[in-house]
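1. Model the structure of this input:
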Amino acid sequence: MHLSRARCLRILGGAFAANLLGWAVTVLYAWIFRRTMTEAPKMHEIAAITLYPNLLLVPMAMGVIAAYFWQRLEMRIWGYLWWALLTVAMCVGGAYLLVKEGAVCLLIASPILWGALFAGSLIGRLIFRKVGGRLQLVIFPVVILAIFAEGKIAGEQAGVVTDEIVVAAAPAEVWKHVVAFPRITNEPDYWLNKVGLPSAAETTCEGEFVGAKRECIFSNGLVFKEVVSELEMQRRLTFDVTEQPNDPELLGHVTLHRGQFELQANPDGSTTLIGRSWYTLHVRPLWYFDWWTRDITREVHLRVMRHIKQLSEAHG
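-> The predicted model follows:
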């Protein structure tokens, strides 16, 4: 593909214009969100649900804008695919450098951003062929209405992740390592941990009573502050998350509410250890990010539960 100076400028112009739209939507959301936070709590609640930037519809709109600039280049579909990747790289790089968005979150978001922006560019390619290359202003209110409508339909999503393992030790022994446990020294084997996602490292607790303060500490020093809300000796421990760390990988994306360990005695003397976590997901599309949230939460569960299993079986 021959890339003359004029061609490069048009490609970069399309990528820049697309990112300008994406940033404008994000800034508008942030302004409305902050203004309503203190001045109009009810409007703030509505804004949180309906206006949170949708990582499917917004990049599709960005793709339409990029296609307006690229339409005269007579590119094949593969060209749109690769220049959509360039546009996403600009978007992700800007989010990382300017707003300090988490690297792991950006890695997770990049595939759907690329796919949605590519799809939007193909839609734009078709539209502009139909209308003779003119940018129809009616596109913008349609996109805005689609974003609002999707927000009202999708809202937020609450979920619970449940995992279990069998420990070759009695519940009384397992319980000793459930309320609190020493630091995990094993290296995590989850691939996202290897590219920067913090891993569960240690839990501390004031004692075995309702109201006791706990801390779940991660490998990079992040701390989830918790309080014991339910305790049934050698059977069940439930704790509420009272403070979530101010980390870009979590901030505004997901809220963790509660965790639980349940012990079930088995006839052979072993124990089934069950871990549960309750959360609310804010970022959309929900179906995509919920899969990632559940997968990451499951890895945290299993890392902690395997550590409890190792400790219990060593002392049982």
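2. What is the neighbour count of W83?
-> Neighbour count for W83, taken as other CB atoms under 10 Å: 24. (C-beta placed from N, C-alpha, C; glycine too.)
3. ditto for K194
-> 11.
4. pLDDT weak spots in this protein?
-> Applying pLDDT under 70 to the chain flags residues 1-3, 29-30, 32-54, 130-156, 248-252, 316.
5. At which residues are the strands of it located?
-> Remark: strands assigned in the chain by DSSP state E are 157-167, 200-205, 213-218, 223-232, 236-243, 254-265, 271-281.
6. and the angle from the fifth one to strand 271-281?
-> Relative orientation of strand 236-243 and strand 271-281, computed by axes from the mean of the first three to the mean of the last three CA atoms, to 10 degrees: 30 degrees.
7. thinking again about what came up before, okay, the strands of the chain in TSV with mean neighbour count and distance to M305 next?
-> TSV is the format used below for these (neighbours: other CB atoms under 10 Å; distance: least, CB to CB, whole Å):
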stretch	mean neighbour count	distance to M305
strand 157-167	15	5
strand 200-205	20	10
strand 213-218	18	13
strand 223-232	16	17
strand 236-243	17	13
strand 254-265	18	8
strand 271-281	19	5
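8. got TSV for those strands, with distance to V99 too?
-> TSV is the format used below for these (distance: least, CB to CB, whole Å):
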stretch	distance to V99
strand 157-167	24
strand 200-205	27
strand 213-218	22
strand 223-232	23
strand 236-243	23
strand 254-265	18
strand 271-281	20
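9. between those strands, which one is nearest to L73?
-> Nearest of the strands of the chain to L73, taken as CB to CB: strand 271-281 at 38.7 Å.
10. Partner strands of the closest one and their direction?
-> Take DSSP bridges as the rule and strand 271-281 pairs in its sheet with strand 157-167 (antiparallel), strand 254-265 (antiparallel).
11. For those strands, give me a markdown table that also has distance to L273.
-> Supplementary listing: the strands paired with strand 271-281 in a markdown table, determined by distance: least, CB to CB, whole Å:
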| stretch | distance to L273 |
| --- | --- |
| strand 157-167 | 5 |
| strand 254-265 | 6 |
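12. so which of the strands of the chain comes closest to R76?
-> strand 271-281 (37.4 Å).
13. Keeping just the C-alphas, turn that closest one into PDB.
-> Extracted in PDB, the C-alpha atoms of strand 271-281 (Å, rounded to 0.1, in the frame of the first residue of the first chain):
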ATOM      1  CA  THR A 271     -13.900 -30.400  53.900                       C
ATOM      2  CA  THR A 272     -15.500 -28.700  50.900                       C
ATOM      3  CA  LEU A 273     -14.300 -25.100  51.000                       C
ATOM      4  CA  ILE A 274     -16.600 -22.700  49.100                       C
ATOM      5  CA  GLY A 275     -15.700 -19.100  48.300                       C
ATOM      6  CA  ARG A 276     -18.100 -16.400  47.200                       C
ATOM      7  CA  SER A 277     -17.800 -12.800  46.100                       C
ATOM      8  CA  TRP A 278     -20.600 -10.300  45.400                       C
ATOM      9  CA  TYR A 279     -20.000  -7.400  43.100                       C
ATOM     10  CA  THR A 280     -21.700  -4.700  40.900                       C
ATOM     11  CA  LEU A 281     -20.300  -4.100  37.400                       C
END
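14. The strands paired with strand 271-281: which one's closest to L126?
-> Nearest to L126, of all these, is strand 157-167, at 32.2 Å by CB to CB.
15. Cool, thanks, signing off.
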